[in-house]
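> Could you work out the structure for the sequence below:
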Amino acid sequence: MSVAIRSRAPFRASFAGSFTDLREYYEQHGGDVLETALGIYSYVTIRERHDDEIHVEHELLNVSDKGAVGKLERMTPFYSKVIEHFSPKKGFDMILNMDVGHGSGLGSSSASLVAMISAFNDWLGHGMDNYQIAELAHDLERNTLSIYAGKQDPYSCTFGGFNFIEFSKDEVVVNSMKLDDEVLRELQFRTVITSTGISRHSGDYVKLLIDKIEQKDENVLQTLSKIKDAAREIKDTIYKGKLSEIGSLISKEWEQKRSLLKGMSNENVEALFKLAYDNGAEGGKLLGAGGGGHILFIVNEESRYRLIRTLAQRGLSVYTPEFSATGAYSWHTK
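Residues are numbered from 1 along each chain as shown. Have a look, this model is predicted:
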C-alpha cells in the first residue's frame, strides 16, 4: 500500500472581537479578535493513485466526487478549487472527515480548507508557512468560493493556540498569549461549549452585516468598535488571571453582537441562555455568525457539572475540549 499524507486542523472558539475580522471593517478601522483553537478537528487524507483519476469522499457530509487530472468541472467547488490551485500531476484519493459538522459556528469550513491545503502542501512540497496557508485558505473561502466569512478562522485553524489576533489593511499579527499554566487550565475548566441543535448558513448573516458596514451604518460601526474594545479588555483580564470577571465581560460582548442584526439570536437560543443562567452560568456568547451553531458558556466549579448534565438531558452535544496548542499539521502514514 502506498504512503498517504494525513493532516488535521483544529476548530476554533472566539471569546471576543466578533466581526471585526471582516475586511470591510478592519481595512478602515482595524480589528482585534481573542480566540482559541479547540481539540476538535477536521481531517484530510491524500493517497496517491497509479492513474490520473481523482476521488473525493466526505462521509459526514455524504459527498462522493470523481474527476481526473485537469478534469474537475463536475466536482464540488469546495474541493475542486483547492485541487485546481495546487494542480497535481497525478491522480489521488482524498478522504475528509470532521469531529463536528458544518454550520457549527466553530470555523468548520476554514478547518477543512486549512487541512486540505496542509495536506497538498506536504504532498507536493510547496514549503508554505503558516501565514501563507492561512492567507490562501481565506482567499479561497472569500474570493474564489464567495463564502462570506471573516479572517480569524483560517488563522486560528492554522496557528493553533490561544491568540490575540490584530487585523489591519496591511498585515495580520498573531500574538500567541503566553498564559501561566494555572490560568490556562482554569480557563479551560470554566469553558463549556454546547450545540444549539440548529445548523445555519453563516454567510447569510455576514453578507447583511457587510452591507451595513459598506453603507457606513453608524450604529453598526459604533457597535463593532465596542466589540473590538471588549476583545482587548477580556485579553487584559485573562492576562491578569481575573477569570471570575470574564463571564460578565463575554456576556456584554454578546449583547453588542446580538444587537447588530435581527435574527442574530432567536427564541431557541434565548431559551438556552436562560437555562444556562438558571443553572449557574456566569456568562456566554453565541459562536459564529448567529442564528444557531454553538454557544460558549463560562461556568464555575459549582455550576460546571450541573450545566453539563442539564444540557445533555436536553439531547444537546456538550463539549469541554482542551484548547489545542498546535495548529494545522500533517504526517505520513501507510
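> Run through the strands of the chain in chain order.
In the chain, the strands defined using DSSP state E lie at 4-16, 31-48, 53-58, 63-68, 92-98, 162-167, 172-176, 191-195, 283-286, 294-298, 318-319, 329-333.
> who wins for proximity to Ser104 among those strands?
Taking CB to CB, strand 294-298 is the member of these nearest to Ser104, at 5.6 Å. (Each C-beta comes from the backbone N, C-alpha and C, glycine too.)
> hmm, who's touching that closest one?
With CB atoms under 8 Å, 6 or more residues apart in numbering as the contact definition, strand 294-298 has outside contacts at 13, 15, 104-106, 190-196, 246-247, 250, 269, 272-273, 276, 281-288, 307, 319.
> if we can go back for a sec, which one of the strands of the chain lies closest to Asn121?
With respect to Asn121, and counting by CB to CB, the nearest of these is strand 329-333 at 7.4 Å.
> taking the mean pLDDT, what do you get for the closest one?
Across strand 329-333, pLDDT averages out at 95.
> Which elements pack onto it?
Contacts defined by 3 or more CB pairs under 8 Å, 6 or more residues apart in numbering; DSSP states H and E place strand 329-333 against strand 4-16, helix 108-124.
> got a list of what Ser7 touches?
43-45, 115-116, 118-119, 122, 328-331.
> Out of the residues you listed, flag the one nearest to Thr223.
Ala328 (32.2 Å).
> Not counting sequence-adjacent ones, nearest residue to the closest one?
Closest residue to Ala328 apart from its sequence neighbours, by CB to CB, 6 or more residues apart in numbering: Ala9 at 4.0 Å.
> quick one: the one you found from His294, how far?
Applying CB to CB, to the nearest Å, the value for Ala9 to His294 is 17 Å.
> between the two, who's got more neighbours?
Taking other CB atoms under 10 Å, Ala9 and His294 do not tie; Ala9 has more neighbours (36 against 23).
> Run through who's touching stretch 143-150.
Here stretch 143-150 has contacts from 19, 21-22, 77-78, 81, 109-110, 138, 141-142, 202-203, 206-207, 210, using CB under 8 Å, 6+ apart.
> on that earlier part again, and of the contacts of Ser7, the nearest to Phe164?
Of all those, Ala328 has the smallest distance to Phe164: 19.4 Å, by CB to CB.
> tally of neighbours for the closest one?
30.
> so how far is Gly67 from Thr194?
When Thr194 is compared with Gly67 (using CB to CB), they lie 39 Å apart.
> Could you measure from the residue sitting nearest the centre point of the chain over to Asp211?
Closest residue to the average C-alpha location of the chain: Gly107 at 2.3 Å, with CA atoms, centre = their mean. According to CB to CB, Gly107 and Asp211 sit 23 Å apart.
> Now do the buried residues in stretch 208-227.
208-210, 212-213, 220, 223-224, 227 (16 or more other CB atoms under 10 Å).
> ignore the last one, stretch 45-63
Buried, per 16+ other CB under 10 Å, within stretch 45-63: 45-47, 54-58.
> Rank those by pLDDT and give me only the lowest.
Looking at the buried residues of stretch 45-63, model confidence by pLDDT dips furthest at His58: 93.
> what residues are up against that one?
Counting by CB under 8 Å, 6+ apart, His58 makes contact with 64, 95-97.
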